[in-house]
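Peer 1: heads up, no residue letters with this:
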Ligand SMILES: NC(=O)c1ccc[n+]([C@@H]2O[C@H](COP(=O)([O-])OP(=O)(O)OC[C@H]3O[C@@H](n4cnc5c(N)ncnc54)[C@H](OP(=O)(O)O)[C@@H]3O)[C@@H](O)[C@H]2O)c1
């Protein structure tokens with residue numbers, strides 16, 4: 001398959017991309033500053049340009065753009081909206097625009113996160129983004145044309161990120177990267193659609 005991986009140079013992407021390649025897939029990586037193609041998920045016109053440059057792809061995987069931490073007492077709806085630009089609206093754009101560019105039967109695999117399902121301090125924005133992504137995937141899956149599929153992987157803290165983020169979420173058990181990578185592979189290579197894949201340890 002020809003697979004476009006947005007965020008392929010990131011923590012999850014750099015483990016997923018070699019695995020996809022080892023299974024014979026042709027992988028094109030995209031990011032704001034990394035990969036073969038330039039895209040900023042916060043800027044919808046760059047998504048259109050990326051798809052035009054990529055040509056028809058059989059799968060799109062998004063492992064890019066975090067929700068920012070926030071302080072509830074000071075949070076504004078404007079901040080929430082800004083927080084949603086790349087990770088929520090950007091991934092939604094990947095599907096809304098991608099349905100017109102991708103090959104028949106293509107799959108979209110998005111990334112959300114555990115805060116859709118678990119309350120932790122300072123992640124109101126992250127929770128809202130991930131919950132909204134889960135709802136988006138349910139609806140999109142039944143309306144996508146040409147046998148296209150869409151799923152979302154919802155990781156908890158990833159093993160490889162424990163040193164970076166572990167202090168913010170004391171006691172959160174990380175999911176091993178190998179297990180998480182298998183979930184992305186399954187979304188790409190199986191025929192599932194409309195699924196929220198909860199990769200919680
Ligand atoms: N790591 C974890 O523990 C964890 C846990 C739960 C959920 N997640 C979610 O999993 C996804 C990937 O996480 P990660 O830890 O692998 O991220 P990461 O290490 O920060 O890597 C993100 C990748 O995405 C690209 N990127 C960032 N912002 C972008 C944007 N606006 N447009 C296009 N590309 C962008 C970056 O490259 P450029 O800088 O070149 O753009 C980079 O390659 C995120 O949605 C994150 O919230 C991660």
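Peer 2: Yes, it's here. The shown structure was predicted, so the numbers you read here are calculated from the model rather than taken from an experiment.

Peer 1: next, count neighbours for residue 158.
Peer 2: Using other Cβ atoms under 10 Å, residue 158 has 21 neighbouring residues. Where C-beta positions appear, they are placed from N, C-alpha and C, glycine not excepted.

Peer 1: what does residue 56 give?
Peer 2: Using other Cβ under 10 Å, the number of residues around residue 56 comes to 11.

Peer 1: got it, and residue 52?
Peer 2: 10.

Peer 1: same check, this time on the one 3 residues further on
Peer 2: Counted by other Cβ under 10 Å, the residues lying close to residue 55 total 12.

Peer 1: for it, give me the pLDDT.
Peer 2: Here, the pLDDT recorded for residue 55 equals 96.

Peer 1: do residue 151 as well
Peer 2: Predicted confidence (pLDDT) at residue 151: the value is 99.

Peer 1: kindly state the beta-bridge partners for the residue nearest the centre of the chain.
Peer 2: Nearest to the mean C-alpha position of the chain, by Cα atoms, centre = their mean, lies residue 111 at 2.7 Å. Listed beta-bridge partners, residue 111: residue 153 (assigned using DSSP bridges).

Peer 1: same question for the lowest-mean-pLDDT helix or strand in the chain: list its buried residues.
Peer 2: One helix or strand of the chain scores below all others by mean pLDDT, DSSP states H and E: helix 162-165, with a mean of 90. By neighbour count, with 16 or more other Cβ atoms under 10 Å as the criterion, helix 162-165 contains no buried position.

Peer 1: helices of the chain, start to end?
Peer 2: Using DSSP state H, the helices found in the chain span residues 13-22, 44-54, 77-84, 91-101, 124-143, 162-165, 177-189.

Peer 1: surely residue 111 and residue 67 touch.
Peer 2: No. Judged on Cβ atoms under 8 Å, residue 111 makes no contact with residue 67 at a distance of 10.9 Å.
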